[in-house]
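Asker: need coordinates for the below:
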Amino acid sequence: MKPPHWVQKLLDAFGDPDTLEEVQGDLLELYAYWVQTVGERKANWRYGLNVLKLVRPLAKRKRSNEYDEPPFFLRPDMIRNYVKIAVRNLTRNKVFSAINLLGLSTGITVCLLIFLFIMNEFSVDNFHKNGKSIYRVMRGMEHEGKEVAVSYVSGQYAPALLTDFKGQITQAVRVNPTDALVTSQDKSFHERKIIDVDPNFFTFFSFPLIKGDPATVLSEPASVVLTESTARKYFGSIDNALGKIVKIDKNLAVKVTGIAQDVPANSHLDFDLVIPLENYKDRSWMAGWINNGIYTYVQLDPMVSEEQLERNFPRFMDKHMGQIFKQSGFHFNLSITPLSSIYFEQSAFDSVKHGDKKVVYIFLSIAILILLVACINFMNLSTVRAVDRSKEIGVRKVLGAIKGHLVWQFIGESLLLATLSCLVAIGFLIAVLPVYKQLLGYP
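Answerer: Numbers count the residues shown, from 1 in each chain. Next up, the predicted model:
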């Protein structure tokens, strides 16, 4: 004979978990006795009434007094005892502890390294103060039957956009990436990271200057801004570089008027020297509409949206390029791309730094998988160890240990090992970070 199933479920749901096993055993013994003495029906009633008395919402509460002891997890002596036992068990089983510690800490370290890479990828160009309102002008054209966006336009676009969209576009800057032979103190260097820009480049973008005023550092055509590392390469120190003369392609002499901090790794633009674009104002790619070789960036008024501006681009193109379109027979359109989207733009033909979102998400999946495997391995090893300690659990229960205390003991040991793994992982991360940053090209 068995007591009613629903009564047992009630006791499981609302009984005190610390004494549930003992109470169930005692009630089943009483139930068997009642069945023999008063019959099954009355035994069911008695069993149900006793269960109701033991259900926690209905059970009589012991009157609290000043001598009541606090819960075990608030007692310092119990906490010290559990920590002492946890440390003793970890040190007693050194091989098990080392395998579990190294496995979890290695997994955490690899995940942290991948997360650093992912954070850097998604932080590209976020350091610019006005980044949310900056866009790059793109030229749309057909290539192999597909519409593709090209980032190169001629030098005439920036002033025309400022004139035709006055009030909507607050400022614009042109950037011409190039390379040149740079001569300094009888030494020549082939520099591949040179950009020719408008004078407002350093007020438009937020590339910090160590020396020089962002508003005036490029106001003179015969001026140049070097990055910190380039200044040291040419002149040994930043202070020695300021005011010195360097020659571009042995014919353009420019004076160092400013020193910029090295370009951060999370920038799609990269440069070592910045030269005023004014020096090349008579070149064909500056004077004509049809030639293309310059990036043009615009900053929109906060009240103007990307869609508002693009709606007026067909009229702008017809005004300035309509006659050329008729004569040549080809046609292209204009659009703008937010600064934050340039890095992950895959279809643009340009020479700036780009990333791939698919690769980033693949690395994110790998990081999650590695952490999941490390956690599963940690749980498996802990479970195996718990089985080996079944004799210890039995002895402690015989001596009066409560189930909840034993559960917290094992949870505490696992938390201690996980905490140690996190600390070891941070140590590993600090140790390998310099090599990792050098491998990825981070400063």
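
Asker: in contact with Y295, which residues?
Answerer: 136, 151-153, 174-177, 350, 352 (Cβ atoms under 8 Å, 6 or more residues apart in numbering). Placement of C-beta: from N, CA and C, glycine included.

Asker: which SS state does D26 fall under?
Answerer: Here D26 is helix, with the state taken from DSSP: H, G, I helix; E, B strand; the rest coil.

Asker: list phi and psi for the residue nearest to K247 when sequence neighbours are not counted.
Answerer: Distance criterion Cβ to Cβ, 6 or more residues apart in numbering; nearest residue to K247, sequence neighbours excluded, is T183 at 4.3 Å. Here is the backbone geometry of T183 (degrees, to the nearest 10): phi -110, psi 130.

Asker: grab the nearest non-local neighbour of G48.
Answerer: V7 (5.0 Å).

Asker: repeat for L218
Answerer: P199 is the one closest to L218 (Cβ to Cβ, 6+ apart), at 4.5 Å.

Asker: looks to me like that neighbour is in a strand.
Answerer: No - using three-state DSSP, the assignment for P199 is coil, not a strand.

Asker: burial measure for it, as a count.
Answerer: The local packing of P199 (other Cβ atoms under 10 Å) involves 19 other residues.

Asker: what separation do you get for the spatially most central residue of the chain and I79?
Answerer: Nearest to the mean C-alpha position of the chain, by Cα atoms, centre = their mean, lies M119 at 2.5 Å. Per Cβ to Cβ, to the nearest Å, M119 is found 37 Å from I79.

Asker: circling back: wait, the residue nearest to L218 sits on P214?
Answerer: No - look at P199 against P214 with Cβ atoms under 8 Å: they stay out of range, at 10.0 Å.

Asker: residues near the residue nearest to K247, how many?
Answerer: 17.

Asker: report the beta-bridge partners for it.
Answerer: Applying DSSP bridges to T183 gives these bridge partners: S188, K247.

Asker: isn't it right up against K244?
Answerer: No - between T183 and K244 there is no contact under Cβ under 8 Å: 11.6 Å.

Asker: average model confidence for whichever strand or helix holds N240?
Answerer: Assessed by DSSP states H and E, N240 sits inside helix 238-241. Regarding helix 238-241, the rounded mean pLDDT is 91.

Asker: list the buried residues of it.
Answerer: A241 (16 or more other Cβ atoms under 10 Å).

Asker: packing partners of it?
Answerer: helix 228-235, strand 252-260 (3 or more Cβ pairs under 8 Å, 6 or more residues apart in numbering; DSSP states H and E).

Asker: partner strands of the last one, with direction?
Answerer: So that's strand 252-260. strand 209-211 (antiparallel), strand 223-227 (parallel), strand 245-248 (antiparallel).

Asker: give me the contacts around that strand.
Answerer: 202, 207-213, 217-218, 220, 222-228, 231, 238, 241-248, 274-275, 279.
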